[in-house]
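Q: got a sequence here, can you model it:
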Amino acid sequence: MSEKNPYEDIIHLPHHVSDHHPQMPRADRAAQFSPFAALTGYDAVIRETARLTESKMDLEEREIEELNGNLRRLLEHIKDRPEVELTYFQPDAHKEGGAYRTMRGRVRRMNEYEQYIEMENGMRVFFANMMKIREI
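A: Residues are numbered from 1 along each chain as shown. Model prediction:
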């Protein structure tokens, strides 16, 4: 005895086409079954969390005195646009911490009121973020 197909009564009927709604294009019909990112931006959050930053170290009293002395000497010779090697802490724009950087270049000016050094390339390094400065 053969089993009866439960759809036997409708399987040979013509496909219904609406008089009121246009048919959806095939490309759009296929798109509704494509995968989607339920958590948009999740991958970026994971990458950002995994990115390492360093904590800013506090200078010892001796290091602060040395840095202040070097800044005073630099200010005395600022007209000569001295070349320096500068180690500083660059705070991270997106999360706590940052990175230590070292750069070489000529000093354009020092702003004692706002407490920064401006290099010839336009970069400003604030005194509070400086770790070492050495004339070359």
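Q: which stretches of this protein form helices?
A: With helices called from DSSP state H, the chain shows them at 26-31, 42-50, 61-76.
Q: highest average neighbour count across those helices?
A: By mean neighbour count, with neighbours taken as mean count of other Cβ atoms under 10 Å, helix 61-76 ranks first of those at a mean of 12. Backbone N, C-alpha and C define where each C-beta goes, glycine included.
Q: output the contacting helices and strands for it.
A: Other elements packing on helix 61-76 under the criterion 3 or more Cβ pairs under 8 Å, 6 or more residues apart in numbering; DSSP states H and E are strand 98-111, strand 130-135.
Q: possible to save these as TSV with mean pLDDT, mean neighbour count and distance to Gly122?
A: Formatted as TSV, the helices and strands packed on helix 61-76 follow (pLDDT from 0 to 100; neighbours: other Cβ atoms under 10 Å; distance: least, Cβ to Cβ, whole Å):
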stretch	mean pLDDT	mean neighbour count	distance to Gly122
strand 98-111	94	14	8
strand 130-135	92	16	17
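Q: make JSON lines from these and add distance to Pro6 to it.
A: Shown next, in JSON lines, are these (distance: least, Cβ to Cβ, whole Å):
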{"stretch": "strand 98-111", "distance to Pro6": "68"}
{"stretch": "strand 130-135", "distance to Pro6": "79"}
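Q: helix or strand with the lowest mean pLDDT in the chain?
A: Lowest mean confidence among the helices and strands of the chain (mean pLDDT, DSSP states H and E): helix 26-31, at a mean of 79.
Q: which residues touch the most centrally placed residue in the chain?
A: By Cα atoms, centre = their mean, the mean C-alpha position of the chain lies nearest to His94, the distance being 6.1 Å. By Cβ atoms under 8 Å, 6 or more residues apart in numbering, the contact list for His94 reads Glu48.
Q: how far away is it from Asp19?
A: Plainly put, His94 is 56 Å away from Asp19 if you go by Cβ to Cβ, to the nearest Å.
Q: I'd say Arg106 and Met119 touch.
A: Yes. If you go by Cβ atoms under 8 Å, Arg106 and Met119 touch, sitting 6.8 Å apart.
Q: before we move on, the earlier item: on the pLDDT front, check the residue nearest to the centre of the chain for me.
A: On the pLDDT scale, His94 is placed at 84.
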